[in-house]
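Undergrad: No letters, just coordinates:
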DNA sequence: TCATTACTGGTAATGGTTTCCATTACAGAA
DNA sequence: TTCTGTAATGGAAACCATTACCAGTAATGA
């Protein structure tokens, strides 16, 4: 073996498989809405799964870094996470009451962003596009 | 006098004019980029204007509530404020390095948002659309 | 099994924002 | 102008989500 595994460490990039990591991922998979790290932690604790809050944050961050999870900030400034179905770039339509989330795509928005940015001489552009509203069910319930 | 002014208080809605309020507004007017409450506070203190941080937050919030100031969260979660030129609904193209800000309007985005939301049965919709990038000057400087 | 070292998680520290509350000072009334 | 009620102020303390520390634990390759 040319490379001393011990010295080189893990094949660089592949994290170890741990009970906690799986738990966090599973908890996230069980929810279709965006949830905060704290909520997820509480959910796990509630089910008797011992996981530290620090660890929950770490795994969520790792999932975000590896593009497996989407993050966004709610209007009130909370950071929430979600395991999205589609891989490609997309946005979200989120119910501000029940958190129900619909993944949406917006070719037009992408084009618009690109065009505007170019016109103003901006490069390396990224955009934040999130839509919040009240879903039909919640609207009916609160009518 | 039918209504006892003392009991009724100010004509309801009109805030008192104070040195601090004017200072915060002036400080904000002196900047064309989005700035945080802390930055504004430091700027005022630096110029020898005695204003408490609490007061800065209060005035900024009041200005936001009265739609005179725009707020947004930077990608790293900081809340920043800006006194915008146009009254109407608009968005921003912000340089992530120097903070230079361009007000942009997006009829297409508005339409898109509305259409999508309606199709999914969402009502009372609001959207967050902010574009971050590197402006031409900063791009040149860092090339 | 063993050694290596990444992972874990309780606690403490951060840092931006808000709350408290005693003090100050606008602004209408007299 | 002076008086008064009360909104505005601001330092300190409280909040709270997130991060840093670091000693103990456990996953993995040999």
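TA: The structure has been received and is ready for your questions. Keep in mind that what you see is a predicted model, and the values were worked out from it rather than measured.

Undergrad: Would you agree residue A:72 is in contact with residue A:130?
TA: Yes. Using CB atoms under 8 Å, residue A:72 is in contact with residue A:130, at 5.5 Å. From N, CA and C alone the C-beta is placed, and that goes for glycine too.

Undergrad: Quick check: closest non-adjacent residue to residue A:85.
TA: residue A:103 (6.3 Å; CB to CB, 6 or more residues apart in numbering or on different chains).

Undergrad: mean confidence for the helix or strand where the one you found lies?
TA: For residue A:103, the host element (DSSP states H and E) is strand A:101-104. Across strand A:101-104, pLDDT averages out at 93.

Undergrad: Likewise for stretch A:30-41?
TA: pLDDT averaged over stretch A:30-41 gives 94.

Undergrad: before we move on, what about stretch A:109-129?
TA: The pLDDT scores in stretch A:109-129 average 93.

Undergrad: Would you pull up how far it lies from the middle of the chain?
TA: 23 Å (CA atoms, centre = their mean, to the nearest Å).

Undergrad: Enumerate the positions of that stretch that are buried.
TA: A:109, A:112, A:113, A:116, A:117, A:120, A:121, A:122, A:125, A:127, A:128, A:129 (16 or more other CB atoms under 10 Å in any protein chain shown).

Undergrad: Tell me which two in these are the farthest apart.
TA: Using CB to CB, the two most remote members of the buried residues of stretch A:109-129 are A:121 and A:129, lying 21.4 Å apart.

Undergrad: Mind jotting down where the strands sit in chain A?
TA: Here chain A has its strands, by DSSP state E, at A:35-36, A:70-73, A:79-82, A:91-95, A:101-104, A:123-134.

Undergrad: residues in chain A within reach of DNA strand D, list them.
TA: Neighbours of DNA strand D within chain A, by CB under 7 Å from any atom of the strand: A:1, A:5-6, A:16-19, A:36-38, A:53-54, A:57, A:61, A:78-79.

Undergrad: Next up, the contacts around residue A:112.
TA: Contact analysis of residue A:112 by CB atoms under 8 Å, 6 or more residues apart in numbering or on different chains lists B:106, B:108, B:109.

Undergrad: CSV please, covering those residues and showing distance to residue B:26.
TA: Converted to CSV, the contacts of residue A:112 look like this (distance: CB to CB, whole Å):
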residue, distance to residue B:26
B:106, 31
B:108, 36
B:109, 33
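
Undergrad: which of the residues you listed are close to chain A?
TA: Contacts with chain A are made by B:106, B:108, B:109 out of the contacts of residue A:112, judged by CB under 8 Å from any CB of the partner chain.

Undergrad: Of those, which is the nearest to residue B:47?
TA: Proximity of the ones next to chain A among the contacts of residue A:112 to residue B:47 (CB to CB) peaks at residue B:106, which lies at 36.6 Å.

Undergrad: gap between that closest one and residue B:118?
TA: 18 Å (CB to CB, to the nearest Å).

Undergrad: cool, and residue A:41?
TA: Using CB to CB, residue A:41 is found at 36 Å from residue B:118.

Undergrad: Tell me which residue is most central in chain A.
TA: Centroid-nearest residue in chain A: residue A:70, 2.4 Å away (criterion: CA atoms, centre = their mean).

Undergrad: which neighbours do residue A:72 and residue A:130 share?
TA: Shared contacts of residue A:72 and residue A:130, defined by CB under 8 Å, 6+ apart, comprise residue A:92.

Undergrad: Near residue A:142, how many other residues are there?
TA: Neighbourhood size, residue A:142 [other CB atoms under 10 Å in any protein chain shown]: 8.

Undergrad: Test for you: state the pLDDT assigned to it.
TA: 79.

Undergrad: what residues are up against it?
TA: A:97, A:134.

Undergrad: What values do phi and psi take at it?
TA: phi -100, psi 10 (degrees, to the nearest 10).

Undergrad: where's it relative to DNA strand D, distance?
TA: 24 Å (CB to the nearest atom of the strand, to the nearest Å).
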